[in-house]
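In: Would you be able to build a 3D model of this:
(2 chains)
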Amino acid sequence: MAAGYGSGSRGDWDEARIALGRVADILRESDGLAREDLVPRLQGVEGYELIPEGVRSTLENLTPEEQAVAKTLIGTLAANHFYIENGEGGLRFY
Amino acid sequence: MAPTHALPQSRRVRDLLEFALPVLRAGDQRLLEHPRIREVFPEYLVLAHGVVRASVPLMETALAVARTRPDEVARLLAGYLEQHIPEEVGHDEWLLGDLEFLGVPRERVLSQVPSAAVAALVGSQYYWIHHVDPVGLLGYVALLEGYPPVHADVDRVRTATGFGEAAFRTLLLHAELDQGHRDELDELLDALPLTDAQRSLVGLSALTSVQLYGRAQDELLDRYGGG
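Out: Numbers count the residues shown, from 1 in each chain, chains lettered A, B, ... in the order given. This next block holds a predicted model:
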């Protein structure tokens, strides 16, 4: 990733992955949001601030068309136990 | 928090790709850990050949369509492609040579029907070129040329397979060449006066390319079990 996970402890890392799973929920439940609607929804996600800034910026700038692909990609990452995988964190699988 | 249009386009495309690239890295890791890597790796090259052999025809198609459009983006895109296409000619032949070294005859490679995922990866670009805007191809090019194999990764595969260096000539050449190609593409992306729709298309093209290449990798690895 371009953005590091900074000073986060292992616990923060898991929480960040769980928060990214919640982001995937928002993308899945919506049908492509305009930026002015997307950003407040994302910023309301529990633990959102634990996701690295570079990833948050990328998420907040996704166009509606890109959101449709991004939710699939996040699901693939989760299925591969990679990047946002469950570990001990309790992220549900898609 | 910078809005989409405030970011240099090259930075935006790289951010999107780096967000998505772990999908492909997961496939690479599965390959490296695969108990049948000596059987799987040649098929990895066959998959890559299925993609690479379409690169020049895709760019030629985008060039032909760009030349029919009157806008500045199309003019700049055409100029880039005119320069870049000759640099990509013959790379599919390099891969065929590497495969022949591994005992895979070119006739076998050329007669094999590529997977639906490979067809979707390349075919989606034809759709966008013909029916939307040829500038979308730059998202695909950003993926394929923006993240060349690094020598350390190639060495890991060599060690894991025990294959000689001749099997890795194409990968190693791309490790050398693609950095320059990436810089040229980034320069173009930042010079293009893209509309919002064009910006979104380039991003969609990049993300979709990761998704479909990842699917093609997964289907191949699944066929061999394990990993």
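In: Which parts of the chain are helices?
Out: Since you didn't name a chain, this refers to chain A. For chain A, applying DSSP state H gives helices covering A:10-29, A:35-43, A:53-60, A:64-79.
In: Chain B, not that one
Out: Ranges of helices in chain B, per DSSP H, are B:9-20, B:22-32, B:37-52, B:55-66, B:72-88, B:91-101, B:106-111, B:116-131, B:137-146, B:151-161, B:169-191, B:196-223.
In: Next, format those as TSV and append mean pLDDT.
Out: Formatted as TSV, the helices of chain B follow (pLDDT from 0 to 100):
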stretch	mean pLDDT
helix B:9-20	91
helix B:22-32	82
helix B:37-52	95
helix B:55-66	97
helix B:72-88	96
helix B:91-101	94
helix B:106-111	96
helix B:116-131	98
helix B:137-146	94
helix B:151-161	88
helix B:169-191	85
helix B:196-223	94
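In: Return the most buried member of those.
Out: Neighbour counts (mean count of other CB atoms under 10 Å in any protein chain shown) averaged over each of the helices of chain B peak at helix B:137-146, with a mean of 24. No exception for glycine: its C-beta is placed from N, CA and C like everyone else's.
In: quick revisit: got a markdown table for the helices of chain B, with distance to residue A:36 too?
Out: Below are the helices of chain B laid out as a markdown table (distance: least, CB to CB, whole Å):
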| stretch | distance to residue A:36 |
| --- | --- |
| helix B:9-20 | 18 |
| helix B:22-32 | 29 |
| helix B:37-52 | 38 |
| helix B:55-66 | 33 |
| helix B:72-88 | 26 |
| helix B:91-101 | 44 |
| helix B:106-111 | 50 |
| helix B:116-131 | 27 |
| helix B:137-146 | 24 |
| helix B:151-161 | 41 |
| helix B:169-191 | 25 |
| helix B:196-223 | 14 |
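In: want to throw the ones you listed into a markdown table with distance to chain A?
Out: Below are the helices of chain B laid out as a markdown table (distance: least, CB to the nearest CB, whole Å):
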| stretch | distance to chain A |
| --- | --- |
| helix B:9-20 | 4 |
| helix B:22-32 | 4 |
| helix B:37-52 | 17 |
| helix B:55-66 | 19 |
| helix B:72-88 | 17 |
| helix B:91-101 | 26 |
| helix B:106-111 | 28 |
| helix B:116-131 | 11 |
| helix B:137-146 | 10 |
| helix B:151-161 | 16 |
| helix B:169-191 | 14 |
| helix B:196-223 | 4 |
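In: Just give me the lowest mean pLDDT stretch among the helices of chain A.
Out: Lowest mean pLDDT of those: helix A:10-29, a mean of 78.
In: could you dump the helices of chain A to a markdown table with mean neighbour count and distance to residue B:66?
Out: Shown next, in a markdown table, are the helices of chain A (neighbours: other CB atoms under 10 Å in any protein chain shown; distance: least, CB to CB, whole Å):
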| stretch | mean neighbour count | distance to residue B:66 |
| --- | --- | --- |
| helix A:10-29 | 18 | 32 |
| helix A:35-43 | 14 | 29 |
| helix A:53-60 | 20 | 28 |
| helix A:64-79 | 21 | 21 |
